[in-house]
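> Return a 3D structure for these sequence lines:
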Amino acid sequence: MDEKVRQQLVDDHFLFVSGDRNLTAAGMERDWPEGRGIFHNAAKTFLLWVNEEDQTRIISMQKGGDVKGVFERLARGIQAVGESVKAESGKDFALSEQYGYIHSCPTNLGTGMRASVHVDLPGWTKESVD
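Sure, this is the predicted structure:
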């Protein structure tokens, strides 16, 4: 990856960077940056991180209020990635009947799904909320 492209992805908060002391302590930054990467669509509304904190992080996002559209894109992407992994390796995502989907970060056990919404509140800090 060209350095200019890498830096733009970091600046856009799309690409992870090394230096997280918790990841280092857990041994998850060994051999940085080899074996890690990012794939994204042209609009950067669908991203796939490989070997950052978890083996795979699949992200769907966009500006605006179409939460259903974001979730539908995420569901299609998860299915496509799963099918691709199965076709290449013959294996499915690791699933434990007891713990759910297996992740290297224990806070992501279970469904492994995390959702967040960023809301712009114009004028909220104009007079300060402290």
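> neighbours around G112, how many?
19 (other C-beta atoms under 10 Å). Using the backbone N, CA and C atoms, a C-beta is placed for each residue, glycine as well.
> With E52 instead?
Around E52 there are 20 residues (other C-beta under 10 Å).
> Check I59 too.
Using other C-beta under 10 Å, I59 is surrounded by 17 other residues.
> Could you name the helices and strands sitting against the helix or strand containing it?
Per DSSP states H and E, I59 falls inside strand 56-60. If contacts are counted by 3 or more C-beta pairs under 8 Å, 6 or more residues apart in numbering; DSSP states H and E, strand 56-60 sits against strand 46-50, helix 67-89.
> then that strand to PDB, C-alphas only?
C-alpha atoms of strand 56-60 as PDB (Å, rounded to 0.1, in the frame of the first residue of the first chain):
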ATOM      1  CA  THR A  56     -11.800 -10.100  11.200                       C
ATOM      2  CA  ARG A  57     -13.800  -7.000  11.700                       C
ATOM      3  CA  ILE A  58     -16.600  -6.200   9.200                       C
ATOM      4  CA  ILE A  59     -17.900  -2.600   9.200                       C
ATOM      5  CA  SER A  60     -20.800  -1.000   7.500                       C
END
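> quick one, strands of this protein?
For the chain, the strands defined by DSSP state E cover 37-40, 46-50, 56-60, 95-96, 100-101.
> show me the residues around L47 that make contact.
Applying C-beta atoms under 8 Å, 6 or more residues apart in numbering to L47 gives the contacts 14, 38-41, 58-59, 61.
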